[in-house]
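[1] Fold the following.
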Amino acid sequence: MCQDTEDQQTDENLRTSLSGLPSEVVAGSGFHGFKLNVENKGDKAYKRVDLGLIAAQIDDDNWLPNTDHLTLQFKNPETGAWTDISLDQDDEVIGYIGYTDIRAKESFSIDLRLSVDKKAPEGYGFAFIIGLYADEEGNCVYPQGEQFYEFDVLAAGADAGEPNEAEPQTGGKKPVPVKPVGNTEIKPEGTLAQTGSDSNLPVIATIGGVAILAGAGVVFALGR
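    Residues are numbered from 1 along each chain as shown. Here you go, the predicted model:
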């Protein structure tokens, strides 16, 4: 397991983002597809990067995250099968998708989908990308990129029209990692911008990542 440093380390060459997540989701409207995008802009290859995603609603009564009405899945790149991503806050692998090697100058996307059941109340929801690797000293290093996204949950039967794509949110939100155990390899099909170095970065971690979010003056704790 990697160790966090006093100042959280980020890697400007490794970037993550979401695309296609709707800004509004009607409860009971089925699955909505989107993508987790990963890009290595550098000349260094990574032997292991752990990836995941958290999605939750915020309870209007107590401002705590609620995942009871959400189902989040990713498409296994090798089999094409849709696989649940745990949103159980008591599960040590909450949010975990898997780990993969990333070549120099490689980019890839992982297909995701989200549904909100018809009993879900109206309110605010969020999705948060989780990912990290361990450097040579065993310190945790996090991708730099657009990690936090907001969406609105509309009551069952509402008309969302043609919702916009959820925009990344950066102001006033700080990820503080908490690391669950995860050890599932995934093999996304990537593309290379150009031929890069074949050297691998030695890693120690066998972990994923979960986050505590601090936004709008409220701390939302996920995981243990």
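[2] Could you look up the SS state of the residue of the chain positioned farthest from its centre?
    Distance from the C-alpha centroid of the chain, by CA atoms, centre = their mean, peaks at residue 157 (28.5 Å). Three-state assignment for residue 157 (DSSP: H, G, I helix; E, B strand; the rest coil): coil.
[3] contacting residues for it?
    With contact taken as CB atoms under 8 Å, 6 or more residues apart in numbering, residue 157 is in contact with 26, 28. For every residue, glycine as well, the C-beta is placed using N, CA and C.
[4] in this structure, what secondary structure element scores lowest on mean pLDDT?
    Every helix and strand of the chain was ranked by mean pLDDT, DSSP states H and E. The lowest is strand 200-201, at a mean of 36.
[5] Just list the residues touching residue 86, thanks.
    Taking CB under 8 Å, 6+ apart as the definition, contacts of residue 86 comprise 93, 94, 95, 96.
[6] I'd like the distance from it to residue 53, if you could.
    Applying CB to CB, to the nearest Å, one obtains 11 Å for the distance of residue 86 from residue 53.
[7] Can you mark which positions in the strand ranked longest in the chain are buried?
    With DSSP state E setting the assignment, residue counts place strand 45-58 as the longest strand in the chain. Residues of strand 45-58 classed as buried under the neighbour-count rule (16 or more other CB atoms under 10 Å) are 45-46, 48-58.
[8] Please apply the same query to stretch 127-143.
    Residues of stretch 127-143 classed as buried by neighbour count (16+ other CB under 10 Å): 127-135, 139-143.
[9] Adding distance to residue 186, write those residues out as TSV.
    As requested, the buried residues of stretch 127-143 are exported to TSV (distance: CB to CB, whole Å):
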residue	distance to residue 186
127	19
128	19
129	15
130	14
131	12
132	15
133	14
134	18
135	22
139	24
140	20
141	19
142	19
143	16
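[10] from those residues, which is closest to residue 152?
    residue 127 (12.4 Å; CB to CB).
[11] now the strand or helix carrying that closest one and strand 45-58, what's the angle there?
    Under the assignment given by DSSP states H and E, the secondary-structure element containing residue 127 is strand 123-134. Following axes from the mean of the first three to the mean of the last three CA atoms, to 10 degrees, one obtains 160 degrees for the angle between strand 123-134 and strand 45-58.
[12] and the next helix or strand after strand 123-134, what's its mean pLDDT?
    Sequence-wise, the next helix or strand beyond strand 123-134 is strand 140-143, with elements assigned using DSSP H and E. Average pLDDT, strand 140-143: 91.
[13] ok, strand 140-143: who's next to it in the sheet?
    Here the strand partners of strand 140-143, with direction, are listed using DSSP bridges: strand 9-11 (parallel), strand 123-134 (antiparallel).
[14] could the ones you listed go into CSV alongside distance to residue 192 and mean pLDDT?
    Converted to CSV, the strands paired with strand 140-143 look like this (distance: least, CB to CB, whole Å; pLDDT from 0 to 100):
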stretch, distance to residue 192, mean pLDDT
strand 9-11, 18, 92
strand 123-134, 19, 92
